[in-house]
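Student: A predicted structure for the sequence below; I have some questions about it.
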Amino acid sequence: MNGTAPPSVSILDAPDFNLPLTLTSGQVFHWSEVAGYWEGLVGDKYCAVRQDGQHLVFRGSLSAAEVANYFALDHAMDEISASFPDDAFSQAALRACTGLRVIRQPEWECLATFITSAMKQVAHIRQMSLAIRSRFGMPVSQSAINAYPSPARLALTDEAALRECSLGFRAKNLLGAARSIDDGTIDLLALRSMKTADARTALCSLPGVGVKVANCVLLFAYERLDAVPVDVWINRIMRAMRGGRPATAAQLQRYSERHLGPYAGYVQQYLFHHARVSKTLPQR
DNA sequence: CGCCAGGGTCTCG
DNA sequence: CGAGACCATGGC
């Protein structure tokens, strides 16, 4: 209301939620912990948030409804937990990752970030994402980092400039995707009302987007909670679930879709994070 | 230092 | 359809 008023803090109920776990589970890459608060952007809106037991304490430009929507506080965690398969892998991951939410990310920055994720570790995906924001993004009031640059902005740059953000061979793909979206070849808004299979096909027509990246975007930005990204970690876990027998990528993708239940994407995210932090699985 | 990372694409059998 | 080569870069 009053432009000279001190920044106010708001409080939100957040049962069955673990903020740091959610923000460090490899679905979103730009949040930083500063002085007890997690600071980040949702689109071009700044948010600083910390967890206090069953509550979120936050300040910035987001309304309570927007914070709740971003962190998917409305997800029916009882129902989702109950849907996890009754095998040792899934149940161990469920116990270890209680409170992890699959959040609702802005579509373009999710897509762009996962285009740059190919054959990269989580730490480096974060570095590339921050470099792109710093170099091409618009400053945001209160925020140490910039908004993710729009497709139109990236369409204006060139491959060499993107390579200076350490993208390597991914630079051409990000540029090509930005241009296809900027010129209307692909309409990210239109994907919202499409069947998952059709949306996946559309995403896969973009350079640097195959089934794995498309499923990341469907899961993390389009709320398709049954979409299962099969990366090298999930690959190992699926193989172990099947008794360690060798299997093709297509077999493992099919297995994940048939055996992980209606919230397969959730199960996958728990399996991924648990395996990655515990390092209990065979390395090959 | 050698190996690996939240892969995609193209070619060849 | 399935396997291999190739693509850059940094963490460990």
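Tutor: Arrived safely, thanks for sending. Residues are numbered from 1 along each chain as shown, chains lettered A, B, ... in the order given.
Student: Number of residues surrounding whatever residue of the stretch 51-200 of chain A ends up closest to DNA strand C?
Tutor: Scanning the stretch 51-200 of chain A for the residue nearest DNA strand C gives A:G168, at 2.8 Å (criterion: CB to the nearest atom of the strand). Bear in mind the C-beta positions are built from the backbone N, C-alpha and C, glycine included. When neighbours are defined as other CB atoms under 10 Å, A:G168 has 14 of them.
Student: swap in the one 5 residues further on?
Tutor: When counting by other CB under 10 Å, one arrives at 21 neighbours for A:N173.
Student: What of A:L73?
Tutor: Counted by other CB under 10 Å, the residues lying close to A:L73 total 19.
Student: measure A:N146 to A:Q105 for me?
Tutor: If you measure A:N146 against A:Q105 using CB to CB, to the nearest Å, the figure is 17 Å.
Student: Which of those two has more residues huddled nearby?
Tutor: Between A:N146 and A:Q105, counted using other CB under 10 Å, the more crowded position is A:Q105 (22 against 19).
Student: In a strand, A:A123, correct?
Tutor: No. Going by DSSP: H, G, I helix; E, B strand; the rest coil, the assignment for A:A123 is helix, not a strand.
Student: Tell me the spacing between it and A:A14.
Tutor: From A:A123 over to A:A14 (counting by CB to CB), the distance is 27 Å.
Student: Those two - which one has more neighbours?
Tutor: Summary of the neighbour comparison: A:A123 and A:A14, criterion other CB under 10 Å, with A:A14 having more neighbours (23 against 8).
Student: Do I have it right that that one meets A:V57?
Tutor: No. In this structure, A:A14 is not within contact of A:V57 by CB atoms under 8 Å, at 9.8 Å.
Student: shared neighbours of these two, anything?
Tutor: In the contact map built from CB atoms under 8 Å, 6 or more residues apart in numbering, the residues linked to both A:A14 and A:V57 are A:Q51.
Student: Roughly how far does whatever residue of the stretch 51-200 of chain A ends up closest to DNA strand B sit from A:Q127?
Tutor: Closest contact between the stretch 51-200 of chain A and DNA strand B, by CB to the nearest atom of the strand, is at A:Q121 (3.1 Å). Summarising the geometry, the distance separating A:Q121 from A:Q127, computed by CB to CB, is 10 Å.
Student: Tell me, how many residues neighbour the nearest residue to A:L191 once chain neighbours are set aside?
Tutor: The spatially closest residue to A:L191, leaving aside those adjacent along the chain, is A:A199, at 4.4 Å (CB to CB, 6 or more residues apart in numbering). Applying other CB under 10 Å, we find 21 residues neighbouring A:A199.
Student: do the strand or helix carrying A:A199 and DNA strand B meet at all?
Tutor: Under the assignment given by DSSP states H and E, the secondary-structure element containing A:A199 is helix A:196-204. Yes. For helix A:196-204 and DNA strand B, the contact criterion (CB under 7 Å from any atom of the strand) is met by A:C204.
Student: Pull out the buried positions in the next helix or strand after that helix.
Tutor: Scanning forward in sequence from helix A:196-204 by DSSP H and E, the next helix or strand is helix A:211-221. Going by neighbour count (16 or more other CB atoms under 10 Å), the buried part of helix A:211-221 is A:V211, A:K212, A:V213, A:A214, A:N215, A:C216, A:V217, A:L218, A:L219, A:F220, A:A221.
Student: about what we covered before: quick one, which of A:Q121 and A:Q127 is more surrounded?
Tutor: Just comparing A:Q121 and A:Q127: by other CB under 10 Å the higher neighbour count belongs to A:Q127, 15 against 11.
Student: ok but the more buried one is inside a strand, no?
Tutor: No. Under three-state DSSP, A:Q127 sits outside any strand and is assigned helix.
Student: Once you drop chain neighbours, what's closest to it?
Tutor: Here the nearest residue to A:Q127 in space, its sequence neighbours aside, is A:S166; by CB to CB, 6+ apart that works out to 6.8 Å.
Student: And for A:S134?
Tutor: Beyond its immediate neighbours in the sequence, the residue positioned closest to A:S134 (CB to CB, 6+ apart) is A:N146, lying 6.1 Å away.
Student: Am I right that that neighbour is in contact with A:A131?
Tutor: No. At 10.6 Å, A:N146 does not count as touching A:A131 under the criterion of CB under 8 Å.
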